[in-house]
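> Give me the fold of what follows.
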Amino acid sequence: MDKPAIRTPSNVLKRGYSDEEIDNIYELGRILLEAGQLKRAEILFNGITEIVPEYAPAWLGLSYIHIQQKAYDTAAWAARLALQHDPDFIEGMLYLIACLLILGDLNTAGTFLGEVGERIENGTVTQPDLIRFYRMQLARYENL
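Sure, this is the predicted structure:
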C-alpha cells in the first residue's frame, strides 16, 4: 500500500501568510484600483511582491499603476516580472504589449502580439475582454 503524500506548507505559509490571505490582500488591492486609490493599491501590491515575489497578478497590478502614472519603463518592467513568474499569463503579455507600444519597441511588441494571436486562434484564450484588448493593441501596432 502506498504511503500518503506528505504535504508541505507553501512558501507563503512559511513566511507567515496563507495562500488565502495573499489572495484576499490582492483582491483588496484590485478594489482599491477600481476606486482610483492607486497609492493604497500600490502599497498592497508591493507588499505582496515582497512576501510572494512569484505572485504574478500583483506584478500586473503594479504595471497598471505605473501605466496610470505614465512611468512606462517601470510598467514594462513589472509586466516582464509577471511573465517571468508566469510565462502563460495572457494579461501580463497584453500589458507588456501596451507598454512596449508606448515605448516604441515595435519588434518585441509584435512578437508578443503574434504569441497572443496564436493562443486566441487555437482556443487557449477565449475571454472576450482579453480578445478585445488584444485587438485594440493589434490595431495600435498596425497604425504605428
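> Poorly predicted segments of the chain, please.
The chain contains residues with pLDDT under 70 at 1-15.
> Helices along that one, start to end?
With DSSP state H as the criterion, the chain has helices at 11-14, 19-34, 38-51, 56-68, 72-85, 90-103, 106-121, 128-142.
> Give me the contact list for the fifth one.
Helix 72-85 is contacted from outside by 49, 53-57, 59-60, 62-67, 89, 91-93, 95-96, 99-100, 102-103, using CB atoms under 8 Å, 6 or more residues apart in numbering. Backbone N, C-alpha and C define where each C-beta goes, glycine included.
> try it again with 7 Å
54, 56, 59-60, 62-63, 66-67, 89, 92-93, 95-96, 99-100, 102-103 (CB atoms under 7 Å, 6 or more residues apart in numbering).
> Just the buried ones from the residues you listed?
The neighbour count (16 or more other CB atoms under 10 Å) marks 56, 59-60, 62-63, 66-67, 89, 92-93, 95-96, 99-100, 102 as buried among the contacts of helix 72-85.
> now Glu115, nearest residue through space, not along the chain?
For Glu115, ignoring the flanking residues on the chain, the nearest one in space by CB to CB, 6 or more residues apart in numbering is Met93 at 6.7 Å.
> Next, find the distance separating the one you found from Leu101.
As judged by CB to CB, to the nearest Å, Met93 and Leu101 stand 13 Å apart.
> Could you measure from Tyr17 over to Ile97?
32 Å.
> OK, contacts around the residue nearest the centre of the chain?
Against the mean C-alpha coordinate of the chain, by CA atoms, centre = their mean, the closest residue is Leu60 at 3.0 Å. Leu60 makes contact with Ala79, Ala82, Glu91, Gly92, Tyr95, according to CB under 7 Å, 6+ apart.
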